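A.B. asks: model the structure of this input:
(one chain, ligands or ions: 1)
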Amino acid sequence: MFQKILIANRGEIALRVLRACKELGIQTVVVHSTADADAMHVRLADESVCIGPPPSRDSYLNIHQIVAACEITGADAVHPGYGFLSENAKFADILAAHNITFIGPTGDHIRIMGDKIEAKRTAKRLGIPVVPGSDGAVTDQKEAKRIAAEIGYPVIIKASAGGGGRGMKVALTEADLEVALQTASTEAGAAFGDDAVYIEKYLEKPRHIEVQVFGDGFGRGVHFGERDCSLQRRHQKVWEEAPSPALNAEERARIGGICAKAIADLGYSGAGTIEFLYENGEFYFIEMNTRLQVEHPVTEAITGIDLVHEQIRVASGGGLSVKQEDIKFNGHAIECRINAEDPRTFTPSPGTITHFHTPGGLGIRVDSGVYSGYKIPPYYDSLIGKLIVHGRNRVECMMRLRRALDEFVVDGIKTTLPLFRDLVGNADIANGDYDIHWLEKYLAKEE
Ligand code: MV4
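C.D. replies: Numbers count the residues shown, from 1 in each chain. Below is the predicted model of the structure:
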């Protein structure tokens, strides 16, 4: 097991990892920017190292400073959290070259999944169902027309170096295809330094369902069920739940089994998320994330398993604590992302939190890095906390969520709490009847 873990992140996820380290008896080091001297992760860690000025590229993204902080403090492993360097293959490689363990997959696995064409090719080879489309990059207009005619319109052009919704263009008919292909490729070249694009059948009303997987580093893979993350705004998830209201136990076991086997065959190590679009009872792979995700607590709530403990165990060579048959699904969980933003316009609202009171009681979890009197710096993303609610079934979960939202107090700044108080009373949400476009349509109507 590791002696000392350096946490290369901030906010609620830095606290989440600190808690896991403390429970496992592992010493902790955090890094921070000058803007985060008063942050909770700095207060709770055994040691802290200031690594630079406020902008992320000079601090939380500064690989040399983070490696130096490991050497100075004698940390033998790094947990990257999510965002920042969590999916940076070069960072994973550099740590390995310094004999420091990156708590995550190998640099090579990160690289494969970071290239969306390569990721899709790999998924297909491993038996995961993918969206119909081109086999690889498409450059030629004639080839694009042939493929689009074969799969049928509408089609979507995606950047291989994109992901998470960046660099996509929809072509409704052949008349749109030439411009869509050209602009997608030009924009991808300018944004990512890689102009490779690919074509897929455009699914019009899917849900976003993702499967939580783990590889143990010894050729075994398991799945922890799915999360439904269809409620998004501009590719930012807002509300996540597990299990998906759209799946039954057989569908879960079937797609989960396919994913777990793929992870095993890939020789993957650590936590991963396989993202699908789900429409008319079919799953279509779109991307794989090679990190712990913001919404991992809903999976923890319904499985009772600490996923950060598992990440640390696996990275240290100790394997997973559970076999597939030990993973049981219990009840329902919903996560609301509380952002320091205007609940209608989503404009960031940094500033001082004058009063912070979190809900409690059975089935309630709040993961947050803020406190009463804390001043939110303007430099980083606006997530200030996550409310995770568990119930024996979805109805109980929703009742408890409504109550928890009533108890939550954040004064001094604007937050997205009022949006959730609206959503929890909405009939479509109560029925689990929503797709990836539901929230944007709802917000447009409310204006
Ligand atoms: C799609 C799609 C429809 N058809 N691919 C957006 C994020 C990126 N991960 C993939 N995305 C999409 N890919 C095909 N073939 C629609 C989206 C999409 C979306 C997906 C998940 C959640 C929200 C979304 C909002 C708009 C578009």
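A.B. asks: distance of Pro348 from Lys4?
C.D. replies: As defined by C-beta to C-beta, to the nearest Å, Pro348 lies at a distance of 35 Å from Lys4. For the C-beta atoms, the positions are set from N, CA and C on the backbone; glycine is no exception.
A.B. asks: the stretch 101-250 of the chain against the ligand: which residues are in contact?
C.D. replies: In this structure, the stretch 101-250 of the chain approaches the ligand at residues Val131, Ile156, Gly164, Gly165, Glu200, Lys201, Tyr202, Leu203, His208, Gln232, His235, judged by C-beta under 6 Å from any ligand atom.
A.B. asks: these two touch, right, the third one and Gln236?
C.D. replies: I take that to be Gly164. No - at 9.3 Å, Gly164 and Gln236 do not qualify as touching, with contact defined as C-beta atoms under 8 Å.
A.B. asks: these two: which has the busier surroundings?
C.D. replies: When Gly164 and Gln236 are compared for neighbours, Gln236 comes out ahead with 16 against 12, by other C-beta atoms under 10 Å.
A.B. asks: any idea how far Lys445 is from that one?
C.D. replies: In this view, Gln236 and Lys445 are 19 Å apart by C-beta to C-beta.
A.B. asks: quick one: end-to-end length of stretch 375-385, please.
C.D. replies: The separation between the terminal residues of stretch 375-385, taken as C-alpha to C-alpha, to the nearest Å, is 14 Å.
A.B. asks: wait, isn't Leu320 in contact with Gly221?
C.D. replies: No - at 9.3 Å, Leu320 does not count as touching Gly221 under the criterion of C-beta under 8 Å.
A.B. asks: which residues do those two both contact?
C.D. replies: Here Leu320 and Gly221 have Phe214 as joint contacts, going by C-beta atoms under 8 Å, 6 or more residues apart in numbering.
A.B. asks: so the nearest residue to Thr186 once chain neighbours are set aside is in which element?
C.D. replies: Distances taken as C-beta to C-beta, 6 or more residues apart in numbering put Asp195 closest to Thr186, at 7.0 Å, once the chain neighbours are dropped. Following DSSP states H and E, one finds Asp195 outside all helices and strands.
A.B. asks: list the contacts of Asp195.
C.D. replies: Taking C-beta under 8 Å, 6+ apart as the definition of contact, the neighbours of Asp195 are Ala159, Ser185, Thr186, Ala188, Gly189.
A.B. asks: so what touches stretch 90-103?
C.D. replies: Here stretch 90-103 has contacts from 2, 5, 63, 66-67, 70-71, 75-80, 85, 104-107, 110, 270, 311-312, 315-316, using C-beta under 8 Å, 6+ apart.
A.B. asks: how far away from the center of its chain is that stretch?
C.D. replies: Distance of stretch 90-103 from its chain centroid, counting by C-alpha atoms, centre = their mean, to the nearest Å, is 22 Å.
A.B. asks: could you work out the end-to-end span of it for me?
C.D. replies: End-to-end distance for stretch 90-103: 14 Å, by C-alpha to C-alpha.
A.B. asks: list the buried ones in it?
C.D. replies: Applying a neighbour-count criterion of 16 or more other C-beta atoms under 10 Å, one finds Phe91, Ala92, Asp93, Ile94, Leu95, Ile100, Thr101, Phe102, Ile103 buried in stretch 90-103.
A.B. asks: which ones among these map onto helices?
C.D. replies: For the buried residues of stretch 90-103, membership in helices holds for Phe91, Ala92, Asp93, Ile94, Leu95, with DSSP state H as the criterion.
A.B. asks: quick one: the strands in the stretch 201-350 of the chain?
C.D. replies: Read by DSSP state E, counting those that start in this stretch, the stretch 201-350 of the chain holds these strands, from start to end of the chain: 207-216, 221-233, 236-242, 269-279, 282-289, 332-339.
A.B. asks: would CSV of those strands with mean pLDDT and distance to Val17 be doable?
C.D. replies: Below are these laid out as CSV (pLDDT from 0 to 100; distance: least, C-beta to C-beta, whole Å):
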stretch, mean pLDDT, distance to Val17
strand 207-216, 98, 16
strand 221-233, 98, 18
strand 236-242, 98, 19
strand 269-279, 98, 12
strand 282-289, 98, 17
strand 332-339, 99, 17
